[in-house]
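Asker: Starting from these lines, generate the structure:
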Amino acid sequence: MPRPRPDSFAVAALLTALVAFGPISTDMYLPSLPALVTDFETDVPTVQLTLSAFMVAFALAMLVYGPLSDRFGRRPVLLGAVALYVVASIACVFAPTIEALVVARVFQAMGCCAGPVLGRAVVRDVYGRDRAATVLSYMGTAMALAPAIGPIAGGWLQVQFGWHSVFIVLSGFSLIALVGTYFMLDETNAHRNPHATSPRGIVANYAILLSHRSFVGYMLTIASAYCVIFSFISGSAFVLIEVVGLTPDLYGYCFATIVVGYMTGTFISGRFGRRVGGTRLVLIGGALGTIGGGAMAYFAWTGEVGVLTIVLPQMLAMVGVGFVFPNSQAGAIGPFPQMAGAASALVGFFQMGIAAAVGLAIGHAFDGTARPLATGVAVSGFLMLAFFLVLVWPVRHRS
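Answerer: This next block holds a predicted model:
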């Protein structure tokens, strides 16, 4: 059976699903977090480890998958990683303790992180530097359906069947993705590097990347943008369910609303990116993130906490993130075709690693108010703009 062309719609849909592994693995079970505290008779910081440990493992595994795919190709690495995700998701279903669930989530992260890393690398392989930002923008719009639908579906599953059902659904989703990868995805790495996995080669490649000012600037901008998202992921379930008083299914709809902001940003980026220019869109996105985060912090610290004062500022910030993500990813990875996997992995490592630290901080700082959540969003939005202005904007090339 012949596989479809790498630039076909079918392969783009598969890549979108693979890139969505990360958000759907975190967002779908967010409505279940308060229930995990009760079911396992533990506390918020311990349950928060199912998110933060996931992010740490996600970040570290990225550093491995990038060089592996640069040497052996994207397809075999993806197949192995997705198979690991299937097994780990089943282990989550049967976890008898919160500690076992944390361990299963670590292995789940080690499997699913290959999707975002290698999905972006495949886009770079197939479309080149110039078209990658546009394709990533449209993929981002479609991919946003996962975190939009995920919390709604997760909230409904939690209300109807409990948290185990969420991981049953994730097991089925990953099994379908594994079959799709096997039958649909051809190898796209035309620049395999036989030295990519040698310790000296890995260190040399990462040293080259970290000495590139624009790469570092885009990488830190992306990390800050993801912290805007992960601050909300880490704290919103407890704020909106326990402080504001929403039910888990209504919380899912609130989360979907902020995802609409992200979809709006990525769609506008894809539609007008080549006309406006990627660097200008990142600048605008950073400004929107700063404004949205600042507004949420103002309301939280003045005591005006409600659905609208949390969701609407986050929605505005997410429009900005939708501008920042695809254009910054293309800007970071584009100049390095022979180490696209390593570049994507390093970006992902910093993105997820910093977000994990932010998640832990917000979990431990939760004091029954919206202040830790709002402060995290505000600081992350400001840094998203600051890193870009200081490191990228002065040395930008016209898009």
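Asker: Burial check on the closest residue to residue 97 other than its chain neighbours, number of neighbours?
Answerer: Leaving aside its sequence neighbours, residue 97 sits nearest to residue 40 (CB to CB, 6 or more residues apart in numbering; 6.7 Å). Every residue, glycine included, has its C-beta placed from N, CA and C. By other CB atoms under 10 Å, 19 other residues sit near residue 40.
Asker: could you list every residue that touches residue 40?
Answerer: 46, 47, 97, 98, 101 (CB atoms under 8 Å, 6 or more residues apart in numbering).
Asker: from these, which two are the most distant?
Answerer: 47 and 97 (12.1 Å; CB to CB).
Asker: Who has more neighbours out of the two?
Answerer: More neighbours surround residue 47 than the other of residue 47 and residue 97, with 24 against 10 (other CB under 10 Å).
Asker: Now the one helix or strand the more buried one maps to: buried residues?
Answerer: Assigned by DSSP states H and E, residue 47 belongs to helix 44-72. Neighbour-count burial for helix 44-72, counted by 16 or more other CB atoms under 10 Å, picks out 44, 47-72.
Asker: How about stretch 27-36?
Answerer: 27, 28, 29, 30, 31, 32, 33, 34, 35, 36.
Asker: Torsion angles phi and psi at the second one?
Answerer: Okay, so that is residue 28. Dihedral pair for residue 28: phi -70, psi -30, per degrees, to the nearest 10.
Asker: for it, what are its contacts?
Answerer: Residue 28 touches 150, 151, 153, 154, 166, 169, 170, counting by CB under 8 Å, 6+ apart.
Asker: Kindly recompute the last result at 10 Å.
Answerer: Shown in contact with residue 28 (CB atoms under 10 Å, 6 or more residues apart in numbering): 146-147, 149-155, 157-158, 166-167, 169-170, 173, 252.
Asker: The first one too?
Answerer: When contacts are counted by CB under 10 Å, 6+ apart, residue 27 is found next to 20, 146-154, 229, 233, 252, 255-256, 259.
Asker: mean confidence for stretch 213-220?
Answerer: Across stretch 213-220, pLDDT averages out at 93.
Asker: got it, and stretch 363-379?
Answerer: For stretch 363-379, the per-residue pLDDT averages 89.
Asker: rewinding a little: now distance to residue 313 and pLDDT too, for the contacts of residue 40, in CSV please.
Answerer: Listed next are the contacts of residue 40 as CSV, based on distance: CB to CB, whole Å; pLDDT from 0 to 100:
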residue, distance to residue 313, pLDDT
46, 29, 87
47, 26, 88
97, 37, 93
98, 32, 92
101, 32, 95
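Asker: now, among those, which is nearest to residue 351?
Answerer: residue 47 (22.8 Å).
Asker: My read is that that closest one contacts residue 98, right?
Answerer: Yes: between residue 47 and residue 98 there is a contact at 6.8 Å, judged by CB atoms under 10 Å.
Asker: Please enumerate the shared neighbours of those two.
Answerer: Each of 36, 37, 39, 40 lies in contact with both residue 47 and residue 98 under the rule CB under 10 Å, 6+ apart.
Asker: Just these: which are in helices?
Answerer: Of the positions in those, 36, 37, 39 sit in helices, assigned by DSSP state H.
Asker: Closest one of those residues to residue 113?
Answerer: Once CB to CB is applied, the member of those that ends up nearest residue 113 is residue 36, at 22.2 Å.
Asker: for the chain, what are the low-confidence residue spans?
Answerer: Residue ranges of the chain with pLDDT under 70: 1-2, 6-7, 128-130, 132-134, 136-145, 147, 396-399.
Asker: May I have stretch 185-194 exported as CSV, CA atoms only?
Answerer: Extracted C-alpha coordinates of stretch 185-194, given in CSV (Å, rounded to 0.1, in the frame of the first residue of the first chain):
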residue,chain,number,x,y,z
LEU,A,185,4.2,8.6,7.2
ASP,A,186,7.2,8.1,5.0
GLU,A,187,10.7,9.1,5.9
THR,A,188,11.4,12.9,5.3
ASN,A,189,14.9,13.4,6.7
ALA,A,190,17.1,13.9,3.6
HIS,A,191,20.0,15.2,5.7
ARG,A,192,20.8,12.3,8.1
ASN,A,193,23.8,13.0,10.2
PRO,A,194,25.7,9.9,11.2
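Asker: quick one on the thing from earlier: could you measure from the residue nearest to residue 97 over to residue 95?
Answerer: 9 Å (CB to CB, to the nearest Å).
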